[in-house]
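Trainee: starting from these lines, generate the structure:
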Amino acid sequence: MLRSDLCASPVFLQHQTAQHETLKTFFIAKMPQQLGFAAVAVEIVQSRRKTHGLAGRRLQIQIAPIDSPFQDIAAFIYKTSGFDKAAFQRVKAFLKFTDPSPDEAIGILPPEKRQATVWNVAVNGVMAGCRPEYMPILIAAVQAIAEPRFRLADAGSTPGWEPLVILNGPIVKDLDFNYGTGAMRIGRQANSSIGRFLRLYMRNVAGLRIPPGATDKGTIGFTFNVALAENEDAVAEIGWEPFSVDQGFQRGENVATVQSVVAISPPIYPGGDKAKDLVQTVAEVWGQGTCAPRAWGGLIFGSWFPLLVMSPAVAKAIARDGWTKDEIRNYLYRNVKTPAGLLEKYARQAGTTTFNLCQQVKDGIIPDEYCQSTDPERLVRVFLRADWIGIVLAGDPDRNQARGYVNNHVQGPPVSRKIDLPAGWEHLLNKSRRP
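Mentor: Modelled structure (predicted):
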């Protein structure tokens, strides 16, 4: 058996028929000290054979000769595993859009502790239907989820949350991201394929797989989020700062932020002439309706980062009344409240049977105001901190709509990374646009 720990940068590729008649699992992995690949996954394939009752069938695993020339081995792997040589050429095209070498390590990804590399980012980018010029964003997104405080392994927890990529900077227009009508709809290649990439990467490299895998325990779950690009023209027009500046970057920098999403509000239609009236509708529909039932998670861990996405029309109406993003946050923080007894009830029903707000206060996790009394009807704040509420402008600029997203408390907090462009970016980009 060729051991998987010999592989410096494994990429997990899986093909399976609907009837589970065949199952091929490969590590396409760059071997140390040489430019070679080998298809190795004996232990994984054997366990899958048992799961699907294939133990009596002959199992064939073909291993490429690791002393063959690089391109011969790559062609061999793609031929024997159902991928053609054109796919390998696509990977090479992706690598032109980044300066680091293909085997440069990005991090170790839980739960299966595989190494994220520039090479396997490119491979999964091809599989997801990305264009080569998206490569700098793909690397930044993987850098974000590789950050230990993102807690990637918890993406396999029972709530079944999904990551959301938020993009800022000139790259949004350079790569034709949709930030207008239908902003979160599948359709535009840039938004859609980058969202799909992250889901594939979490499965193929990090190892988060539903049955017959055992690492993704999402009870129901939902599909991937397309990338959310901010309308920075609208942000500038009303005199606000973009989301990336709220995350500590400079206006005009290309930034990718990844955070978890465990729940999404219904569409919200703020109306009225006063900012307070507009934001009050957001408070009722998103704050009370979507955030309040999940607030107990943030209160358990003392960490929670809800995200509000507003159309430019809503933001302009609020700004005309003199409000800033901070005033929106502060209003939501001060005015969205829910009965303490309900929070404790929802936590217990989710399995945290000993959750008690006063105990959380005693342990120093949440502020004293959450235990002013033991009356279950007392009203307590839903949002832990005003500055933890994210605000992004996107969507149809002529509609009065907003939508709120809820992150899964300490799991998947917003992690931002600057998008590093390769040398000669403009030349590469112009070349890629030629028919």
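
Trainee: what pLDDT does residue 229 get?
Mentor: Reading off the confidence values, residue 229 has pLDDT 98.

Trainee: then residue 415?
Mentor: 98.

Trainee: then residue 127?
Mentor: At residue 127, the predicted lDDT confidence score is 87.

Trainee: count of neighbours near it?
Mentor: Residue 127 sits with 20 neighbouring residues when counted by other C-beta atoms under 10 Å. (Glycine included, C-beta is placed from N, CA and C.)

Trainee: now do the one 3 residues further on
Mentor: Around residue 130 there are 24 other residues, counting by other C-beta under 10 Å.

Trainee: that's a strand at it, yeah?
Mentor: No: Residue 130 is assigned coil when assessed by DSSP: H, G, I helix; E, B strand; the rest coil, not a strand.

Trainee: how about the contacts made by the closest residue to it other than its chain neighbours?
Mentor: Nearest residue to residue 130, sequence neighbours excluded (C-beta to C-beta, 6 or more residues apart in numbering): residue 193, at 4.4 Å. Residue 193 makes contacts with 125, 128, 129, 130, 131, 134, as judged by C-beta atoms under 8 Å, 6 or more residues apart in numbering.

Trainee: of the residues you listed, buried ones?
Mentor: Buried subset of the contacts of residue 193 (neighbour count, 16 or more other C-beta atoms under 10 Å): 125, 128, 130, 131, 134.

Trainee: and this protein, what are its domains?
Mentor: If you go by automatic domain parsing, the domain ranges for the chain are 1-83, 84-336+382-432.

Trainee: looking at those, which one is packed in the most?
Mentor: Most buried of these, by mean neighbour count (mean count of other C-beta atoms under 10 Å): domain 84-336+382-432, with a mean of 20.

Trainee: which residues does the host helix or strand of residue 236 contact?
Mentor: Using DSSP states H and E, residue 236 falls within helix 232-237. Around helix 232-237, the neighbours that count as contacts under C-beta under 8 Å, 6+ apart are 168, 169, 172, 241, 242, 312, 315, 316, 393, 397.

Trainee: switch the cut-off to 6 Å
Mentor: Here helix 232-237 makes contact (C-beta atoms under 6 Å, 6 or more residues apart in numbering) with 242, 312, 393.

Trainee: isn't the last one right up against residue 313?
Mentor: No: if you go by C-beta atoms under 6 Å, residue 393 and residue 313 don't touch, sitting 9.9 Å apart.

Trainee: helix, strand, or coil at the most centrally placed residue in the chain?
Mentor: Among the residues of the chain, the one closest to the centroid is residue 163, at 2.4 Å (C-alpha atoms, centre = their mean). Using three-state DSSP, the structure places residue 163 in strand.

Trainee: do the same with residue 209
Mentor: Going by three-state DSSP: residue 209 is coil.

Trainee: gap between it and residue 164?
Mentor: Separation of residue 209 from residue 164 (C-beta to C-beta, to the nearest Å): 21 Å.

Trainee: swap in residue 174?
Mentor: Relative to residue 164, residue 174 is positioned 21 Å away (C-beta to C-beta).

Trainee: picking that back up, now the contacts of residue 193 as a markdown table including distance to residue 287?
Mentor: Compiled in a markdown table, the contacts of residue 193 are given as follows (distance: C-beta to C-beta, whole Å):
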| residue | distance to residue 287 |
| --- | --- |
| 125 | 37 |
| 128 | 34 |
| 129 | 37 |
| 130 | 36 |
| 131 | 38 |
| 134 | 35 |
